[in-house]
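*Asks:* The following block contains a protein sequence and its predicted model.
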Amino acid sequence: MTYDVTIIGGGVTGAAIARELSRYRLKIALLEKEVELAFGVSKSNSGIIHPGTQNPPDSLKGKLCVLGNKLTKRLAKELGVDFKEVGELIVIFCEEDRQRLLRIKEDAEKLGVPDLQIVDRAWLLKHEPNINPEALAALYAPTAGIISPYRWVYDLAENAQKNGVTILTSHRVTGLKRLNAGFEIITNQATLSTRCVINAAGLYADEIARMAGITDIVIKPRQGEEFILDKKREYLSNHLLFPLPTPVSKGTLMIKTSDGNPMIGPTARDVEDKEDRSTSDDGLKNVLDNVRKLIPSVNENDIIAYFAGLRPVAGDDFIIRHEDNVPGLINVAGIQSPGLTAAPAIALLVADLLKKNGLKLKRKLLFKKYRPPTIHLFAFPFERIRELVKGDPSYGDIVCRCEMVSDKEVRAAIRRGARTLDGIKFRTRAQAGRCHGGFCTTRIMKILAEELNIPLTEITKRGPGTELIKDERA
């Protein structure tokens with residue numbers, strides 16, 4: 001197959017670029033090595049839409065974060081995504097830290113972050129009743145928000161696909177060759193020709209770059225452990241709570257999520273292995289000790305899940321550039337925090353780089369920029385659920401009791417692209433409750449087998465090698 005643009009990497013950056021470029025009369029492919037999108041760096045994202053308060057004012061990531069914050073709000077409405085603007089607080093506990101807080105405010109205002117204010121202890125105790133009473137003051141940024149990182153990726157990609165983008169999962173890139181007028185991309189399944197390549201491969205962006213002869217990009221994984229609390233603790237905080245940042249991290253946070261479960265973390269530890277997603281007792285202790293400085297009542301018994309993610313660090317800033325020595329190649333690397341927020345702005349920058357380097361961007365006469373919101377029973381009041389069940393009884397067939405997910409929603413997720421148990425979980429939240437799928441997993445497996453017309457032995461958690469049932473006859 002021959003394409004105008006091929007995007008390597010099906011995380012939030014790749015999906016946002018695909019959606020933006022789908023506005024134009026281009027033949028576009030999005031390649032992802034995993035069996036589903038959002039199974040890499042984006043899978044372990046905190047889901048925070050940052051306002052732009054913790055980035056140097058002269059940094060690319062700072063500028064793209066502020067623009068991305070604004071764009072995310074607009075795009076979320078177009079795509080029917082569950083974005084909530086909850087605001088953030090960067091909290092201090094001693095007078096000596098006030099000057100640092102004021103510098104953060106000054107830098108953020110240079111970037112254009114709106115409506116910032118320093119709030120005092122009385123304000124904090126009124127608006128955050130569970131906060132440590134020793135908190136002295138905080139920088140309040142009301143434009144911070146929360147979003148489901150997985151559903152954000154899926155909805156961006158689905159809309160891109162509706163506008164003509166070809167999405168190819170389970171396509172691991174094994175070779176990239178420069179041709180006279182473009183590139184040949186070799187994957188484990190096919191060979192593609194393309195005029196332009198966008199390298200948005202996350203942790204593996206340096207390896208893709210090296211295939212094209214670019215050697216100055218080096219990705220160093222930084223592991224972050226996070227811990228999810230029970231939904232009954234949803235109102236431990238009303239805002240996103242941050243300590244003062246460190247040189248390598250925004251610190252241990254008290255995180256509100258779009259699904260209701262509070263989350264605490266992350267840690268920040270440099271590792272060598274790009275697949276090291278292990279959690280540790282030391283990580284748990286570190287997170288609990290630090291988060292209790294913000295919210296003393298955080299209880300270890302409220303933790304229902306542990307996970308670790310890896311941030312693709314490539315220096316202090318994002319790397320987004322057209323490679324003049326390899327015309328047609330744009331590297332988008334080192335997209336760590338605030339990458340989720342910046343993704344829509346990164347997409348605009350990539351489109352501009354393509355245009356400046358010879359690709360004609362002609363807008364389509366008909367661009368389908370809206371999609372209907374996905375139905376999630378857990379987000380609806382009882383009367384609305386009653387109406388849905390009356391119209392379609394399969395909404396009343398509850399598969400996941402913890403998260404209130406119906407047979408209808410599971411089947412709809414499969415028809416939208418879910419192929420694994422994790423794909424179902426990320427799209428619907430089935431299996432994400434306190435019982436960890438103890439009630440619903442076997443039912444979901446049966447539905448997957450029915451919808452995909454495959455045996456139960458082929459159902460996986462997250463792709464080949466993670467099958468749950470072994471056929472002893474094989």
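*Replies:* Structure received.
*Asks:* from here on, contacts and neighbour counts on C-alpha atoms
*Replies:* Noted.
*Asks:* T6 against T191, yeah?
*Replies:* No - judged on Cα atoms under 8 Å, T6 makes no contact with T191 at a distance of 12.0 Å.
*Asks:* In terms of neighbours, single out the busier of those two.
*Replies:* Neighbours were counted for T6 and for T191 using other Cα atoms under 10 Å; T6 has more, 28 against 15.
*Asks:* Tell me if I am right that the more buried one is in a helix.
*Replies:* No - counting by DSSP: H, G, I helix; E, B strand; the rest coil, T6 is not part of a helix but strand.
*Asks:* gap between it and N357?
*Replies:* 15 Å (Cα to Cα, to the nearest Å).
*Asks:* same thing with R195?
*Replies:* For R195, the distance to N357 - Cα to Cα - is 12 Å.
*Asks:* These two: which has the busier surroundings?
*Replies:* Counted by other Cα under 10 Å, R195 and N357 do not tie: R195 has more neighbours, with 21 against 15.
*Asks:* rewinding a little: between R195 and N357, what contacts are shared?
*Replies:* Here R195 and N357 have G328 as joint contacts, going by Cα atoms under 8 Å, 6 or more residues apart in numbering.
*Asks:* Pop the domain breakdown of the chain in here.
*Replies:* According to automatic domain parsing, the chain comprises the domains 1-82+145-218+314-373, 88-142+220-312, 378-458.
*Asks:* How about the contacts made by G175?
*Replies:* E184, I185, I186, T187, M211.
*Asks:* If we use 6 Å, what do you get?
*Replies:* I185, I186 (Cα atoms under 6 Å, 6 or more residues apart in numbering).
*Asks:* Can you name the residues bridging to it?
*Replies:* Note on G175: beta-bridge partners by DSSP bridges are I186.
*Asks:* how much space is there between it and T72?
*Replies:* 34 Å.
*Asks:* And for I17?
*Replies:* On the measure of Cα to Cα, I17 and T72 end up 13 Å apart.
*Asks:* Return the residues in contact with D230.
*Replies:* Each residue near D230 by Cα under 6 Å, 6+ apart is listed here: N261, D302, I304.
*Asks:* Give me the helices and strands touching the biggest helix by length in the chain, please.
*Replies:* With secondary structure taken from DSSP state H, the chain has its longest helix at helix 60-79. If you count contacts as 3 or more Cα pairs under 6 Å, 6 or more residues apart in numbering; DSSP states H and E, helix 60-79 packs onto helix 339-356.
*Asks:* what residues does the helix it packs on touch?
*Replies:* Helix 339-356 has contacts (Cα under 6 Å, 6+ apart) with T13, A16, I17, I49, L64, C65, L67, G68, N69.
*Asks:* Tell me which two in those residues are the farthest apart.
*Replies:* I17 and I49 (17.5 Å; Cα to Cα).
*Asks:* who's in contact with R434?
*Replies:* Counting by Cα under 6 Å, 6+ apart, R434 touches I304.
*Asks:* Skip ahead from the host helix or strand of K126 and say which helix or strand is next.
*Replies:* Element membership for K126, per DSSP states H and E: helix 121-127. Downstream of helix 121-127, the first helix or strand assigned by DSSP H and E is strand 137-141.
*Asks:* After that next one, which helix or strand is next?
*Replies:* Under the assignment DSSP H and E, the closest C-terminal helix or strand after strand 137-141 is strand 145-146.
*Asks:* So which elements touch that following strand?
*Replies:* strand 48-49, strand 84-85.
*Asks:* if we go to 10 Å?
*Replies:* On a contact count with 3 or more Cα pairs under 10 Å, 6 or more residues apart in numbering; DSSP states H and E, strand 145-146 meets strand 48-49, helix 60-79, strand 84-85.
*Asks:* Would you convert the ones you listed into TSV that also reports distance to P338 and mean pLDDT?
*Replies:* What follows is the helices and strands packed on strand 145-146, written out as TSV (distance: least, Cα to Cα, whole Å; pLDDT from 0 to 100):
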stretch	distance to P338	mean pLDDT
strand 48-49	8	98
helix 60-79	6	98
strand 84-85	16	97
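*Asks:* need the strands for the stretch 101-250 of the chain, in chain order.
*Replies:* 117-120, 137-141, 145-146, 166-168, 173-179, 182-187, 191-199, 220-229, 240-242 (DSSP state E, counting those that start in this stretch).
*Asks:* so which of these gets nearest F83?
*Replies:* strand 145-146 (5.9 Å).
*Asks:* quick check: mean pLDDT across the closest one?
*Replies:* Averaging pLDDT along strand 145-146 gives 98.
*Asks:* quick one: contacts of it?
*Replies:* 46-51, 69, 72-73, 82-88, 239-240, 255-259, 341 (Cα atoms under 10 Å, 6 or more residues apart in numbering).
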